[in-house]
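K.L.:
heads up, no residue letters with this:
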């Protein structure tokens, strides 16, 4: 049985908001939120999507699905670019903070708080280059590069710590943004 209600309650309490505040955001009654949290009823699909955006988690996590989706499982077996960047070791110490980003076809144009503009090849461009190279992971990489192409750059958010998030999924750490970016696209 799906226990989405307990997850909603956990997320709401972690965000330190009342049932009334959550209800106002979702345009439902506080009683509806209470029923969800007590597993007496469930939010409809549109509301589940709103909840996932509000709490910044996937609908899979909201529904308690710990098993990765088909594409997530397929993507992880290939050792994605996103996973590789998470394991890189960067020098210790502070890095300039990202203040503005522009997304182009292949590069992210990054402006930092020290007034420097730098360029970083997007994860999509890295995946496509790997897919078409002699060392590429073949058809799996082609499939994944194409699926990522449709959403890259549709939304971007700079978190308070300087992390860049594209379309709620593709994350770039402050260290990756600074140390992996170049002063020009030709480097």
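P.N.:
Happy to help now that I have it. Predicted model, so just to flag it, every value in this text is computed and none were measured.

K.L.:
is it true that residue 100 lies in a strand?
P.N.:
Yes. Under DSSP: H, G, I helix; E, B strand; the rest coil, residue 100 sits within a strand.

K.L.:
count of residues packed around it?
P.N.:
By the other Cβ atoms under 10 Å criterion, the neighbourhood of residue 100 contains 12 residues. Every residue, glycine included, has its C-beta placed from N, CA and C.

K.L.:
residues contacting it?
P.N.:
Residues near residue 100 by Cβ atoms under 8 Å, 6 or more residues apart in numbering: 110-111, 158.

K.L.:
Who wins on neighbours among those?
P.N.:
residue 110 (22 neighbours).

K.L.:
Can you list the strands that the host helix or strand of that residue pairs with?
P.N.:
In this assignment (DSSP states H and E), residue 110 forms part of strand 107-112. With DSSP bridges as the test, strand 107-112 is paired with strand 98-103 (antiparallel), strand 117-121 (antiparallel).

K.L.:
between the contacts of residue 100, which is closest to residue 57?
P.N.:
residue 158 (19.1 Å; Cβ to Cβ).

K.L.:
what about stretch 12-20, average pLDDT?
P.N.:
The average pLDDT for stretch 12-20 rounds to 91.

K.L.:
Please name every helix or strand in contact with the strand or helix carrying residue 177.
P.N.:
Residue 177 belongs to helix 174-179 when assigned by DSSP H and E. When contacts are defined as 3 or more Cβ pairs under 8 Å, 6 or more residues apart in numbering; DSSP states H and E, helix 174-179 packs onto strand 107-112, strand 117-121.

K.L.:
got a list of contacts for that helix?
P.N.:
85, 88, 90-91, 95-98, 108, 110, 112, 118, 120, 161-164.

K.L.:
Mark which of those residues are buried, thanks.
P.N.:
By neighbour count, with 16 or more other Cβ atoms under 10 Å, the contacts of helix 174-179 hold 85, 95-96, 98, 108, 110, 112, 118, 120, 162-164 as buried.

K.L.:
ok, the nearest residue to residue 117 once chain neighbours are set aside to residue 102 distance?
P.N.:
Excluding its sequence neighbours, the residue lying closest to residue 117 (Cβ to Cβ, 6 or more residues apart in numbering) is residue 111, at 5.2 Å. Computed as Cβ to Cβ, to the nearest Å, the residue 111 to residue 102 distance reads 8 Å.

K.L.:
Where does pLDDT dip in the protein?
P.N.:
Within the chain, the segments meeting pLDDT under 70 span 1-2, 66-88, 125, 127-154, 167-168, 186-187.

K.L.:
Show me the strands in it, by range?
P.N.:
98-103, 107-112, 117-121, 156-158, 164-166, 170-172 (DSSP state E).
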